[in-house]
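> just coords:
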């Protein structure tokens, strides 16, 4: 029996309504606006102090480009972290909360199929997270452009990678939500994120020191949880616009993942979502 697009659309719309009722996403939006405002103020005064050292802009164009790139990279690094946190916190109980409250019995009743419920919820959260990620990313990049005139050439790719990162975590939390309680799922997702974060730094250090073992540890952690490696891919795209002092900032990338890893992340996201559907269809309430 084929899936009903109409029923999936209904579940997607209900997911939006539920998010609005819980106000968690609105709180994340409000805090995002506060962050962009503070970032804009910090960017403006930092940029003003930096450019006041010299009136000869032409002779320092490389330094200006590097500094603007550094500030934009710093802002997007925070956006990356906020996207991860918002994704995990808003979706960690997508299925388990319905099971714990016994509302799943009313939702998962014929003729609605469980697959339609899960895909509808995934699409609803995916749309909200894509909008949130786009607004935050555009806010940071637009701030940098209005103040310094700097605009990353790979801005569209960076945005798409950050959205992919949120979808990767979304699929993982949906899978965990079909298997574990909300609390256990949240702990598991954050532990995997921490593992990937530490593994990413181990891989970076290993690449700088020429340690293949350390680099392999980082690669393995990236395969288990692709989030940190996806950020490094996006950061590498940003650095293409400014190669001046490329490897001496906290946001520099000594070991950038390849396009093949991005493809792996897409497959990882789809496979995790498929596993979530499979587990949800076979779970007893």
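Nice, I can see it. Quick caveat: nothing in here was measured; it's all calculated off a predicted structure. Numbers count the residues shown, from 1 in each chain.
> Tell me which helix or strand the residue nearest to residue 86 when sequence neighbours are not counted sits in.
The shortest distance from residue 86 to any non-neighbouring residue, by Cβ to Cβ, 6 or more residues apart in numbering, is to residue 28 (4.7 Å). Backbone N, C-alpha and C define where each C-beta goes, glycine included. Assigned by DSSP states H and E, residue 28 belongs to helix 24-51.
> Report how many residues lie close to the residue nearest to residue 86.
Neighbour count of residue 28, defined by other Cβ atoms under 10 Å: 22.
> and the angle from the helix or strand following the helix holding residue 28 to helix 24-51?
Counting by DSSP H and E, the next helix or strand C-terminal to helix 24-51 is helix 61-91. Counting by axes from the mean of the first three to the mean of the last three Cα atoms, to 10 degrees, helix 61-91 lies at 170 degrees to helix 24-51.
> Quick one: mean pLDDT over helix 61-91.
Averaging pLDDT along helix 61-91 gives 87.
> by contact count, what packs against the helix holding residue 28?
helix 61-91, helix 114-148 (3 or more Cβ pairs under 8 Å, 6 or more residues apart in numbering; DSSP states H and E).
> In terms of secondary structure, what does the longest one contact?
Under the contact criterion of 3+ Cβ pairs under 8 Å, 6+ apart, helix 114-148 touches helix 5-22, helix 24-51, helix 61-91, helix 155-179, helix 259-282.
> What is the least confident helix or strand in this structure?
helix 104-107 (a mean of 66; mean pLDDT, DSSP states H and E).
> that older thread, could you measure the residue nearest to residue 86 against residue 39, distance?
For residue 28, the distance to residue 39 (Cβ to Cβ, to the nearest Å) stands at 16 Å.
> just residue 210 next, same as before
36 Å.
> Name the residue in the two with the higher neighbour count.
With neighbours defined as other Cβ under 10 Å, residue 210 and residue 39 compare such that residue 39 has more, 21 against 8.
> Let me see the contact set for the closest residue to the more buried one other than its chain neighbours.
Spatial nearest neighbour of residue 39, chain neighbours left out: residue 75 (5.2 Å); criterion: Cβ to Cβ, 6+ apart. Contacts for residue 75 (Cβ atoms under 8 Å, 6 or more residues apart in numbering) come out as 39, 43, 140, 143, 144.
> who wins for proximity to residue 186 among the helices and strands packed on helix 114-148?
Of all the helices and strands packed on helix 114-148, helix 61-91 sits nearest to residue 186, with 6.7 Å by Cβ to Cβ.
> Show the subsequent helix or strand relative to that closest one.
Downstream of helix 61-91, the first helix or strand assigned by DSSP H and E is helix 96-100.
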